[in-house]
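Chemist: attaching a predicted model along with its sequence, questions to come.
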Amino acid sequence: MSEIMKHHLVPETMNLPHALWAGRIMSAFVAIILVADSTIQLFAPAQIASMLQETGFTMALTRVVGPILLASAILYAVPTTAVLGAILVTGFLGGAICAHVRIGELGSPPEIISLTLGAMTWGGLYLRDPRIRAILPFIR
């Protein structure tokens with residue numbers, strides 16, 4: 001990275017200790033929710049059977065979706081793979097929103113939760129990762 005680029009990024013990244021912790025807390029919350037969801041899908045799929053049936057998915061898909069979601073959450077929680085994890089989590093949450101739109105549940109609680117988690121995924125990453133702040137310069 002050039003000296004000019006380093007100099008340009010230092011003030012923005014150095015003055016955000018509260019933002020860093022807020023980002024870590026938001027990211028931890030997202031990761032915990034996703035791990036809990038994947039755990040339910042893996043070990044107690046009967047608890048979500050009615051929701052799966054409403055959206056048109058079979059119970060057998062929980063054995064596929066659960067590990068994918070768990071892997072995405074773990075990738076998101078690890079700083080070196082957080083961007084890849086955020087992309088995968090966003091894809092998963094977008095699919096969840098799409099499934100509810102498809103059955104006519106526009107604005108339903110699962111959609112709002114998915115949208116909120118998606119925003120928190122990238123918001124937490126934005127606050128804790130200077131690379132993301134450099135790409136998306138909302139504050140100058």
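Modeler: Yep, that arrived. Residues are numbered from 1 along each chain as shown.

Chemist: which stretches of the protein have low pLDDT?
Modeler: By pLDDT under 70, the weakly predicted segments of the chain are 1-16, 139-140.

Chemist: what's the single longest helix in it?
Modeler: Ranked by residue count, the top helix of the chain under DSSP state H comes out as helix 17-43.

Chemist: buried set for that helix?
Modeler: 23, 26-27, 30-31, 34, 37-38, 40-41 (16 or more other C-beta atoms under 10 Å). Yep, even glycine has a C-beta here, placed from its N, CA and C like the rest.

Chemist: ranges for the helices of the protein?
Modeler: For the chain, the helices defined by DSSP H cover 3-14, 17-43, 49-55, 62-77, 82-102, 109-128, 130-135.

Chemist: can you pull the contacts of the residue most central in space within the chain?
Modeler: Centroid-nearest residue in the chain, with C-alpha atoms, centre = their mean: T121, separated by 3.8 Å. By C-beta atoms under 8 Å, 6 or more residues apart in numbering, T121 lies in contact with 27, 30, 76, 86, 89-90, 93.

Chemist: mind checking how far V83 is from R133?
Modeler: To R133, V83 is 12 Å away according to C-beta to C-beta, to the nearest Å.

Chemist: which of these two has more neighbours?
Modeler: Neighbour tally, V83 and R133, criterion other C-beta atoms under 10 Å: the higher count belongs to R133, 20 against 17.

Chemist: the more buried one contacts W122, correct?
Modeler: No - taking contacts as C-beta atoms under 8 Å, R133 lies outside contact range of W122: 11.5 Å.

Chemist: how many residues are close by I48?
Modeler: Number of residues near I48 (other C-beta under 10 Å) recorded here: 16.

Chemist: overlap in contacts, R133 and W122.
Modeler: With C-beta under 8 Å, 6+ apart, R133 and W122 have no common neighbours.

Chemist: excluding covalently adjacent residues, which one is nearest to E54?
Modeler: Spatial nearest neighbour of E54, excluding adjacent residues (C-beta to C-beta, 6 or more residues apart in numbering): I103 at 6.6 Å.
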